[in-house]
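Enquirer: Turn this into a model:
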Amino acid sequence: MATSLEDRCRDLIATLGIAPADAVEEVEGLTGGVASDIARVRVRGRDFCVKFALPKLKVAEDWHAPVHRNAAEYAWLQVASRIAPEGSVKLFGRCEAAHGFAMEYLGGDDVFLWKSSLLQGLVPAGAAARVGDLIGRIHASSARPDFDTALFQNRDDFRALRIEPYLTFTAGRHPDLAEPLNALADHLYETCTVLVHGDVSPKNVLFRSGHPVILDAECATMGSPEFDPAFCLNHVVLKAIHLPECRTLLLDEARALWSAYSAHVDFEAVDDLEVRTAALLPALMLARIDGKSPVEYLGEHTREIVRQVARPLIAEPAPNIETVLARIAGHLKERES
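Expert: The predicted model follows:
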């Protein structure tokens, strides 16, 4: 018989020594994620966030992933707290047997979810740059010789969670683009130069007192650096397509994100990294339409626009981020004229 989320939360709170199980006053399941069970747990008037990895993700397609990814997520959060304490979340421990951990619950008047703000048509100026800066700092630090990579040798997990459902699956739906998509997939699997978060999306970024706090690092691995900036740029670009009234602001935010990130690139030639990022970005755009985890806020008409924008950029990649964004803006302007 399956154990309820409430019982698992009570057991975890007790196991981690936070409080006895009977001190838990309330358990509220939280929505928004597809890979884990997440809950707000109130203990003696204090709120905690508890997270358990799921073996099968909550999406329409058949998508399984190893539950031990919860350990890599917790380790990524620990790394982020050392590198950027102003944008970290307090951690209270992890239980290997339960594949779960507890951290502080982020709430209050000075906290907002980046995705919610963007979808409401509110584009906080400078937010994307602050996210890009944080990613860049983590990448640069993790590329140093003294960085301990032992907890992040997870490329097979990354393939199961990101490469296969996004690129390989999409290649199957677009056979004429299979060669470039599979080449991108192979490079991401074979490269391990920096600590990749793997899910830097506005839905996973809370701002607290103006500082970004990036959560949901279930895909964390030593990997190829272009993935994180391309993944986040993709979400900003898709919202620019979705929200015409905010398009100019959002595309400017995308430019600022890349500029802030690239300022930290000292581990390889920045131009080489930008070429790969510019090639991966449209592939991820197409993957969020025709891959295993499509974005929920786009209608079919807008999805078709994304296909029309992304497919030519996959077949003939642009040389840099500015060219990608300019071509996207130009295509959208032509459609509206």
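
Enquirer: residues touching Ala23, list them.
Expert: Ala23 makes contacts with Ile13, Val43, Arg44, as judged by CB atoms under 8 Å, 6 or more residues apart in numbering. Yep, even glycine has a C-beta here, placed from its N, CA and C like the rest.

Enquirer: Give me the neighbour count for the first one.
Expert: Okay, so that is Ile13. 24 (other CB atoms under 10 Å).

Enquirer: backbone phi and psi for it, please?
Expert: Dihedral pair for Ile13: phi -60, psi -40, per degrees, to the nearest 10.

Enquirer: I figured it was touching Phe48, is that so?
Expert: Yes - contact criterion CB atoms under 8 Å: Ile13 and Phe48 qualify, at 7.3 Å.

Enquirer: Find me the pLDDT at Leu122, would you?
Expert: With respect to pLDDT, Leu122 scores 91.

Enquirer: Surely it is in a strand?
Expert: No - under DSSP: H, G, I helix; E, B strand; the rest coil, Leu122 falls outside any strand and is assigned coil.

Enquirer: Strands of the chain, residue ranges please.
Expert: In the chain, the strands defined using DSSP state E lie at 24-30, 36-43, 46-53, 91-95, 100-104, 111-113, 194-196, 205-208, 211-214, 221-223.

Enquirer: export the ones you listed to TSV and tack on distance to Val309 and mean pLDDT?
Expert: Output for these, formatted as TSV (distance: least, CB to CB, whole Å; pLDDT from 0 to 100):
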stretch	distance to Val309	mean pLDDT
strand 24-30	33	93
strand 36-43	32	92
strand 46-53	34	92
strand 91-95	40	96
strand 100-104	38	95
strand 111-113	26	96
strand 194-196	25	98
strand 205-208	24	96
strand 211-214	27	97
strand 221-223	26	98
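
Enquirer: Please convert those strands to TSV, extending it with distance to Ala71 and mean neighbour count.
Expert: Supplementary listing: these in TSV, determined by distance: least, CB to CB, whole Å; neighbours: other CB atoms under 10 Å:
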stretch	distance to Ala71	mean neighbour count
strand 24-30	21	15
strand 36-43	13	20
strand 46-53	9	20
strand 91-95	7	17
strand 100-104	9	22
strand 111-113	25	15
strand 194-196	14	30
strand 205-208	22	21
strand 211-214	18	22
strand 221-223	12	26
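
Enquirer: Looking at those, which is nearest to Leu184?
Expert: strand 221-223 (12.6 Å; CB to CB).

Enquirer: Give the residue spans of the stretch 1-150 of the chain that score low on pLDDT.
Expert: Within the stretch 1-150 of the chain, the stretches with pLDDT under 70 are 1-2, 32-35, 55-68.

Enquirer: Please enumerate the helices of it.
Expert: With DSSP state H, counting those that start in this stretch as the criterion, the stretch 1-150 of the chain has helices at 5-15, 69-83, 114-119, 127-142.

Enquirer: Quick one: residues in contact with the shortest one.
Expert: By CB under 8 Å, 6+ apart, the surrounding residues in contact with helix 114-119 are 123-124, 127, 131, 201-203, 205-207, 212, 235-236, 239, 242-243, 246, 250, 297.

Enquirer: and those residues, which are buried?
Expert: 123, 127, 131, 201-203, 205-207, 212, 235-236, 239, 242-243, 246, 250 (16 or more other CB atoms under 10 Å).

Enquirer: Enumerate every residue touching the one residue sitting closest to the centre of the chain.
Expert: Centroid-nearest residue in the chain, with CA atoms, centre = their mean: Asp199, separated by 1.6 Å. When contacts are counted by CB under 8 Å, 6+ apart, Asp199 touches Asp216, Ala217, Glu218, Cys219, Phe231.

Enquirer: Then Val270?
Expert: Neighbouring residues of Val270 by CB under 8 Å, 6+ apart: Ser262.

Enquirer: Kindly report the same for Leu238.
Expert: Contacts of Leu238 by CB under 8 Å, 6+ apart are Met285, Arg288, Val295, Leu298, Val306.

Enquirer: Grab the longest helix from the protein for me.
Expert: Using DSSP state H to define each element, the chain has its longest helix at helix 270-290.

Enquirer: centre of the chain versus that helix, how much separation?
Expert: 14 Å (CA atoms, centre = their mean, to the nearest Å).

Enquirer: Ok, stretch 184-199 next?
Expert: Here stretch 184-199 shows a centroid-to-chain-centroid distance of 13 Å under the convention CA atoms, centre = their mean.

Enquirer: Same question for that stretch: list its buried residues.
Expert: Within stretch 184-199, the residues that count as buried by 16+ other CB under 10 Å are 184-185, 187-189, 191-192, 194-199.

Enquirer: ditto for stretch 319-336
Expert: For stretch 319-336, a neighbour-count test (16+ other CB under 10 Å) marks Ile321, Val324, Leu325, Ile328, Ala329, His331, Leu332 as buried.
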